[in-house]
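# Predicted structure and sequence below. I'll ask about it afterward.
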Amino acid sequence: MRILISNDDGIYAPGIQALAEIAAELGDVTVMAPDVEQSSMGHAVTHSRPLGYKKSPVEFKSGEAYRVNGTPADCVALGTHLHADTDVVLSGINMGPNLGNSIWHSGTLAAARQAVLLGFPGIALSTPVGKDGVDFAKLRPFVKECLEMLLPVKGPHLFNINFPPEPKGIRWTSQSVRLYDGTIIPGLDPMGRKHYWFTVTPLEPAEEGTDRWAMENGLVSITPLQLDLTDHRYLSAQL
Ligand code: MN
């Protein structure tokens, strides 16, 4: 099995090292990740300048690794162009959860979604970061179990997986779409100039069976996603 791995935290992130190491036990791994962090870039693609890639400055024991001067979606487009025999694309493990409405701006999700747009299965993996970082040893058996479950899936299916810090089990979930507050917090930079931080706070409790609910209950959340954004209920009322 040929596995292409990307992320949005960049080639130096500890999460992509951890994922590549686990994936190497399941197949041949190629890593193509952004040369700088691209978190919250969403599905941006580079079309006004050429893309390039170089050997990764950090070593990956799992196999070939490259840094790309582009976005997460660029990395997957380039990686699958160079390796058309790719069986699955993994994105992560993101340092930060990707739950509910954050799916809209996540670069981690976009990398997996780019795979699906090109006809490959795509799996996004994310975990929250605590005060002491991420204990990947605790996640490892659950990451492996999820991959063993999903890697046999053929065709352009998209999965969003989130791992709590100390998983108690694994649940299939739906995406939480309850309201959240995209708040702008003003502050001052060291020169006394105004600047602004975009922050997100959920405004409503998570619905049972959703990704947010599973994570609040210490469960690994696997959400199967689809690309069709059509509001079918509204559409059928017009026809
Ligand atoms: Mn990220």
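Thanks, I have it. Quick caveat: nothing in here was measured; it's all calculated off a predicted structure.

# ok, stretch 106-115 near the ion or not?
No. Stretch 106-115 does not reach the ion (Cβ under 5 Å from the ion); its nearest approach is 5.6 Å. Where C-beta positions appear, they are placed from N, C-alpha and C, glycine not excepted.

# Let me know the secondary structure of the residue in the chain that the ion sits nearest to.
In the chain, no residue comes nearer to the ion than residue 39, which is 3.3 Å away by Cβ to the ion. Classification of residue 39 by DSSP: H, G, I helix; E, B strand; the rest coil places it in coil.

# can you pull the contacts of the nearest residue to it once chain neighbours are set aside?
The shortest distance from residue 39 to any non-neighbouring residue, by Cβ to Cβ, 6 or more residues apart in numbering, is to residue 8 (5.0 Å). Neighbouring residues of residue 8 by Cβ atoms under 8 Å, 6 or more residues apart in numbering: 34, 37-41, 71-72, 91, 94, 106-108, 110-111.

# cool, residue 204 as well?
178, 179, 180.

# how would you label it: helix, strand or coil?
coil.

# Check the gap between it and residue 215 for me.
Residue 204 sits 15 Å away from residue 215, going by Cβ to Cβ, to the nearest Å.

# Also residue 222?
Counting by Cβ to Cβ - residue 222 and residue 215 are separated by 11 Å.

# okay, those two: which has more neighbours?
residue 215 (26 against 20; other Cβ atoms under 10 Å).

# In three-state terms, label that one for me.
Looking at residue 215 with three-state DSSP, the answer is helix.

# measure it to residue 127 for me?
From residue 215 to residue 127 the distance is 9 Å (Cβ to Cβ).

# tell me, what's touching those two both at once?
Taking Cβ under 8 Å, 6+ apart as the contact rule, residue 215 and residue 127 both touch 97, 162, 164.

# if we can go back for a sec, buried members of the contacts of residue 204 into ChimeraX, please.
The ChimeraX selection below is limited to those of the contacts of residue 204 classed as buried (16 or more other Cβ atoms under 10 Å):
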select :180
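
# Return the closest of the contacts of residue 204 with respect to residue 58.
Residue 58 lies nearest to residue 180 out of those, by Cβ to Cβ, at 34.6 Å.

# I figured the closest one hits residue 104, correct?
No. Using Cβ atoms under 8 Å as the test, residue 180 is too far from residue 104 to be in contact (10.4 Å).

# if we can go back for a sec, and the gap between the residue nearest to residue 39 and residue 136?
18 Å.

# Enumerate the residues of the protein near the ion.
Counting by Cβ under 5 Å from the ion, the chain sits next to the ion at 8, 9, 39, 94.
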